[in-house]
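**Student:** got a predicted structure here, sequence first:
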Amino acid sequence: MTAARLLAIAAIHDGKYASACPFYGAERRGAPVVSFVRIDDRPIKVYSQIRRPDLVVVLDATLLGVVDVLSGLKTGGTILINSAHRKEYPGFFTYNIDLTGIALREDLVIAGSPILDTPLLGAIARIGIISQDSAKKAITELFTDERNVKAADAAYREITV
Amino acid sequence: MLMVATGNRAVAEAVRQAKPAVIAAYPITPQTGIVEQIAEYVTHGDLLSRYIPVESEHSAMAACIGASATGVRTFTATSSHGLLYMHEMTNWAAGARLPIVMANVNRAIGPGWNIWAEHTDAIQERDTGWLQVYISTVQEAYDATLMAFRIAEHNDVLLPVMVNLDGFLLSHDMQPLETVEPGDFIPPLHLPHAIDPTNPVAYGPLTGPDQYFRFRWDIERSMRDSVSVIRQTQAEFARRFGRTYGFTDDYRCDDADVVVVAMGTLGKEAEVAVDTLRNEGVKAGSMRLRWFRPFPKLDLAGREVVVIDRSYSFGFGGTLATSIRASCGIEPYSVIAGLGGQEVTYDDIAGFVRNRRIGGEFWFGVTPGV
């Protein structure tokens, strides 16, 4: 949810329109959750859920065996997986980056959980969906702890494109 | 200032700037974000209101009534069962001519227990004497809330206003929000019948039929007068802040042969369906109804009309469809869709238009087209 919000803020800093909508169901800790972001050059009028994404981000690689994460992904679309391993999906641009590792390395841990949202924004900036400047701006707007920006920078550097 | 905000946050931000003297509220999903945010403003001194965390929605409205009767600005927010629990007091607020502003985050009524978007909660308040506006973007949530105070408190109106936003779809959606400095756009409240200890009068005594009947007519007269107050307020808002609102939000309607009428987020999504249909050569338009009370005069003559209702009057028909049939004298195609947060896409809406059967009724995903 925070990642979706950050991405929307960054896109708006880039001069685009954006909306971020988490899907609310019967949430409980540890269960898979989804949220959506739309970015456009024109005002966004759509409220229904995204069925044909251009980019899918998987923050927990253990979901790969549980959920069909490629469902609806456009041919030639992009999948970004938080993983230290290299997994490829033919027909899609696949990025693997160890966001958890980066968060642990930067000591970006709250209540025992590594924070993935801010390094993720750095990775998405490198893929070219948002600018690095706007990513940093979005992060500093929401978080004062500078480790967030450091983690985003690290992800920006370390993702292989 | 440009920010990214949810619909709930946008309402809270407008309330912070409108500076009510008293806010009384009880949290309920999916409205909780509004009163949480306001409580935070009050705690941090960003809003110098008296914040009363009550034990129920009935008490929330009762507290607003008591405060408003002293002539101060008041606000509350609720949703679904919370609004229904308030029902006795919402009638009282209108009858006592108190310009209370309330945000209602539209949510279905149980059972089955459901927290998602539906208009039934607000529609059941239709005949209470509250003005009702339905909005479709985060920006509009903010703008409509600011305008609600000015409209409610105008001495030609002095009726409460309910700002309605679709549960989760708007209350939790994050979008760009441009805030303004309202300045004197919302003038100080002067309630002519405010309680005045130096001039004691009786409030709420037994009222005989003649006086009572007169009071009822007064509500209706003010409801009719509110039409021009709404128009003036929206024009003044556009002049000062550059964003234009009407009783309806019309999209490609001018030369349309078929017009989709809906309220809330469905009315915004319908614009995308209209573009799709236009590309297929269908002259479609969208008319998003913003003000449900007072119900505006709609220019639908000579067109086919597809009405999408997010609520239903059992044993009669879709609320909006039957209202349009009565007020415009036309037979629409009535689509019931989106109840309990049912997913309705622009492709679905385009399908309603393609498969329309004028005079028929269709429960999307439930019945075959009639």
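**Tutor:** Here it is on my side, so go on. Numbering: from 1, shown residues only, chains lettered A, B, ... in the order given.
**Student:** what's the burial count for A:Arg86?
**Tutor:** Neighbourhood size, A:Arg86 [other Cβ atoms under 10 Å in any protein chain shown]: 10. The way it works is simple: take the backbone N, C-alpha and C, and place the C-beta from them, glycine included.
**Student:** can you tell me which residues contact it?
**Tutor:** A:Asn96 (Cβ atoms under 8 Å, 6 or more residues apart in numbering or on different chains).
**Student:** B:Gly71 versus that one, what's the distance?
**Tutor:** 69 Å (Cβ to Cβ, to the nearest Å).
**Student:** repeat for B:Thr90
**Tutor:** Remark: distance between B:Thr90 and B:Gly71 (Cβ to Cβ) = 20 Å.
**Student:** can you check B:Ile115 too?
**Tutor:** Distance check for B:Ile115 against B:Gly71: by Cβ to Cβ, it reads 37 Å.
**Student:** quick check: the nearest residue in space to A:His13 that is not next to it in sequence vs chain B, distance?
**Tutor:** Nearest residue to A:His13, sequence neighbours excluded (Cβ to Cβ, 6 or more residues apart in numbering or on different chains): A:Ser134, at 3.7 Å. To chain B, A:Ser134 is 12 Å away according to Cβ to the nearest Cβ, to the nearest Å.
**Student:** would A:Ser134 count as being in a helix?
**Tutor:** Yes - per DSSP: H, G, I helix; E, B strand; the rest coil, A:Ser134 lies within a helix segment.
**Student:** so who does it touch?
**Tutor:** A:Ile9, A:Ala10, A:Ala11, A:His13, A:Asp14, A:Ala125.
**Student:** thinking again about what came up before, more crowded one of B:Thr90 and B:Gly71?
**Tutor:** B:Thr90 (26 against 18).
**Student:** which helix or strand contains that one?
**Tutor:** Here B:Thr90, judged by DSSP states H and E, is contained in helix B:87-95.
**Student:** give the next helix or strand downstream of that helix.
**Tutor:** Downstream of helix B:87-95 (by DSSP H and E), the next one is strand B:101-106.
**Student:** average pLDDT across that following strand?
**Tutor:** The predicted model gives strand B:101-106 an average pLDDT of 98.
**Student:** right, and the helix or strand after that strand?
**Tutor:** helix B:120-123.
**Student:** what's that following helix in contact with?
**Tutor:** Contacts for helix B:120-123 (Cβ under 8 Å, 6+ apart): B:79-81, B:83-84, B:104, B:106-109, B:132, B:134, B:162, B:164, B:292, B:310-313, B:319, B:339.
**Student:** and what of stretch B:337-345?
**Tutor:** Stretch B:337-345 is contacted from outside by A:46, A:48-49, A:51, B:108, B:112, B:114-118, B:120, B:167-169, B:266, B:269, B:308-312, B:348, B:352, B:363-365, using Cβ under 8 Å, 6+ apart.
**Student:** how deep is residue 3 tucked in, by neighbour count?
**Tutor:** Using chain A here. Neighbour number of A:Ala3 under other Cβ under 10 Å is 21.
**Student:** to clarify, I was referring to chain B.
**Tutor:** Around B:Met3 there are 17 residues (other Cβ under 10 Å).
**Student:** average pLDDT for the host helix or strand of it?
**Tutor:** In this assignment (DSSP H and E), B:Met3 forms part of strand B:2-6. Mean pLDDT, computed over strand B:2-6, is 93.
**Student:** ok, then the element right after it?
**Tutor:** Immediately after strand B:2-6, counting by DSSP H and E, sits helix B:7-18.
**Student:** and the residue nearest to A:Tyr24 when sequence neighbours are not counted, what does it touch?
**Tutor:** With sequence-adjacent residues excluded and distances taken as Cβ to Cβ, 6+ apart, A:Tyr24 is closest to B:Phe168, at 5.2 Å. Listed by Cβ under 8 Å, 6+ apart, the contact set of B:Phe168 reads A:Cys21, A:Tyr24, B:Pro30, B:Ile115, B:Trp116, B:Ala117, B:Gly341.
**Student:** how much space separates the first one from B:Glu140?
**Tutor:** Taking Cβ to Cβ as the measure, A:Cys21 falls 16 Å from B:Glu140.
**Student:** which one of the contacts of A:Ser134 is nearest to chain B?
**Tutor:** Of all the contacts of A:Ser134, chain B sits closest to A:Ile9, with 4.7 Å by Cβ to the nearest Cβ.
**Student:** ok, that closest one - how many residues close by?
**Tutor:** The burial count for A:Ile9: 25, using other Cβ under 10 Å.
**Student:** just give the closest residue to it, not the sequence neighbours.
**Tutor:** A:Ala138 (4.0 Å).
**Student:** tell me if that neighbour really is in a strand.
**Tutor:** No - counting by three-state DSSP, A:Ala138 is not found in a strand; it is helix.
**Student:** go ahead and confirm it touches A:Leu6.
**Tutor:** Yes - with contact defined as Cβ atoms under 8 Å, A:Ala138 reaches A:Leu6; the gap is 4.8 Å.
**Student:** chain A contacts on the stretch 101-250 of chain B?
**Tutor:** By the criterion of Cβ under 8 Å from any Cβ of the partner chain, the positions of the stretch 101-250 of chain B lying close to chain A are B:Ile115, B:Trp116, B:Asp166, B:Phe168, B:Leu169, B:Leu170, B:His172, B:Asp173, B:Met174, B:Gln175, B:Pro176.
**Student:** of the residues you listed, which belong to strands?
**Tutor:** For these, the ones inside strands are B:Asp166, B:Met174, B:Gln175, B:Pro176, with DSSP state E as the criterion.
**Student:** which one is the last one nearest to, not counting chain neighbours?
**Tutor:** Excluding the flanking residues, the one nearest B:Pro176 by Cβ to Cβ, 6+ apart is A:Ile12, at 5.2 Å.
**Student:** let me know the angle separating the helix holding B:Thr90 from strand B:101-106.
**Tutor:** Inter-element angle recorded for helix B:87-95 and strand B:101-106: 140 degrees (by axes from the mean of the first three to the mean of the last three Cα atoms, to 10 degrees).
**Student:** so where's chain A uncertain?
**Tutor:** A:25-29 (pLDDT under 70).
**Student:** quick one: the helices in it?
**Tutor:** With helices called from DSSP state H, chain A shows them at A:2-13, A:99-105, A:117-127, A:132-142, A:147-158.
**Student:** how is chain B divided into domains?
**Tutor:** B:2-241, B:248-363 (automatic domain parsing).
**Student:** mind putting these into TSV with distance to A:Phe36?
**Tutor:** Below are the domains of chain B laid out as TSV (distance: least, Cβ to Cβ, whole Å):
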stretch	distance to A:Phe36
domain B:2-241	10
domain B:248-363	12
